[in-house]
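S.K.: just to be clear, the model below is a prediction. Sequence and coordinates:
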Amino acid sequence: MRIMILKVFLLHKQSLRKNMRKKRRRRQWSLSNPKKSGPLKAFRMSSNCSVTTLQLDSVSQAERHPVHLLPCEIEHDGPAEVSQFFTATIKDRKHEKTVSFRGRGLKGQEVSCPQGYTGLVLREVNKPGSDQEDRTVKVSSVFHNVTYWNLETPPNSDDGIIMAMAWPDLAEAIHGPVDD
C-alpha cells in the first residue's frame with residue numbers, strides 16, 4: 001500500500017489494487033469490505049490500538065479544490081472566504097508566488113504530487129472521544145498540486161514537503177527491479 005501521510009494523504013491507486021490482491025491471497029484484510037464482494041468500501045489503517053477507516057466511495061464524489069499549506073496553525077474548523085481574501089492577492093513571479101497573510105509576507109511555489117498519486121483532504125465523520133477509539137474519515141477534496149508557503153524565504157529542496165513529494169520516485173529507483 002503506497003500512502004504518504006502528510007497533513008493530507010497521497011493515495012497510489014495502482015498499488016491499492018495490487019496490495020488488495022496480495023492481501024486476499026494471504027487472507028489478511030487491511031482493506032475491509034463487509035460483503036467480501038463488489039466494490040471495495042473502506043481502507044483501514046491501525047495505529048496505537050485504534051483503527052482509522054477511510055470511506056473509499058467518498059473519493060469519487062470528492063470535489064477538486066486548490067490546496068495551500070501555510071506555515072502556521074489556524075484554530076478554526078469551518079468555511080473561510082479563501083478565494084475572495086487570499087488567492088485573489090497572490091502575485092506570480094518566475095516560479096515563485098508571494099502573498100501577505102495577516103500582515104506577514106509568504107513566499108510559495110506549486111508542488112505536484114508524485115506521478116500516479118492523488119492527494120486526499122480528509123474529514124472525520126464523527127470525532128472520537130479518545131485516541132484509542134476507532135475513527136472514520138471521508139474524502140472531502142482531492143488534489144494533484146499543493147501550493148507550499150514559507151515565511152519570508154522561498155521554499156527549497158531541503159523543505160520536508162518537497163522531499164516527501166520526491167521520495168516515491170527515489171524509493172522506486174532504489175528499491176525497484178534492476179534492468180540489465
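M.R.: Received it, and whenever you're ready, just let me know what you need. Treat the numbers as computed from the prediction; the structure is a model and nothing was measured. Numbers count the residues shown, from 1 in each chain.
S.K.: count of neighbours near Val59?
M.R.: 16 (other C-beta atoms under 10 Å). Where C-beta positions appear, they are placed from N, C-alpha and C, glycine not excepted.
S.K.: pop out the phi and psi values for it.
M.R.: Backbone torsions of Val59, given as degrees, to the nearest 10, read phi -70, psi -50.
S.K.: so what's the closest residue to it other than its chain neighbours bridging to?
M.R.: In this structure, Val59 finds its nearest non-sequential neighbour in Val139, 4.9 Å apart by C-beta to C-beta, 6 or more residues apart in numbering. Using DSSP bridges, the beta-bridge partners of Val139 come out as Leu122.
S.K.: how about the one 10 residues further on?
M.R.: Per DSSP bridges, residues listed as beta-bridge partners of Trp149: Gly108.
S.K.: show me what contacts it?
M.R.: His68, Leu69, Leu70, Pro71, Lys97, Val99, Phe101, Leu106, Lys107, Gly108, Pro155 (C-beta atoms under 8 Å, 6 or more residues apart in numbering).
S.K.: repeat the analysis, applying 6 Å as the threshold.
M.R.: The contact partners of Trp149, by C-beta atoms under 6 Å, 6 or more residues apart in numbering, come to Leu70, Pro71, Leu106, Gly108.
S.K.: circling back: any idea how far Asn145 is from the residue nearest to Val59?
M.R.: Distance of Val139 to Asn145, computed by C-beta to C-beta, to the nearest Å: 17 Å.
S.K.: more neighbours, the two?
M.R.: Just comparing Val139 and Asn145: by other C-beta under 10 Å the higher neighbour count belongs to Val139, 24 against 13.
S.K.: the more buried one against Ser58, yeah?
M.R.: Yes: counting by C-beta atoms under 6 Å, Val139 touches Ser58, with 4.3 Å between them.
S.K.: show me the strands in this structure, by range?
M.R.: With DSSP state E as the definition, the chain shows strands at residue ranges 3-5, 9-12, 31-32, 42-47, 50-55, 63-64, 68-69, 91-93, 96-101, 104-112, 117-124, 135-143, 145-151.
S.K.: for the top helix by length along the chain, name the packing helices and strands.
M.R.: Of all segments of type helix in the chain, defined using DSSP state H, the longest is helix 160-175. Contacting helix 160-175 under the criterion 3 or more C-beta pairs under 6 Å, 6 or more residues apart in numbering; DSSP states H and E is no other helix or strand.
S.K.: what angle do it and strand 104-112 make?
M.R.: 20 degrees (axes from the mean of the first three to the mean of the last three C-alpha atoms, to 10 degrees).
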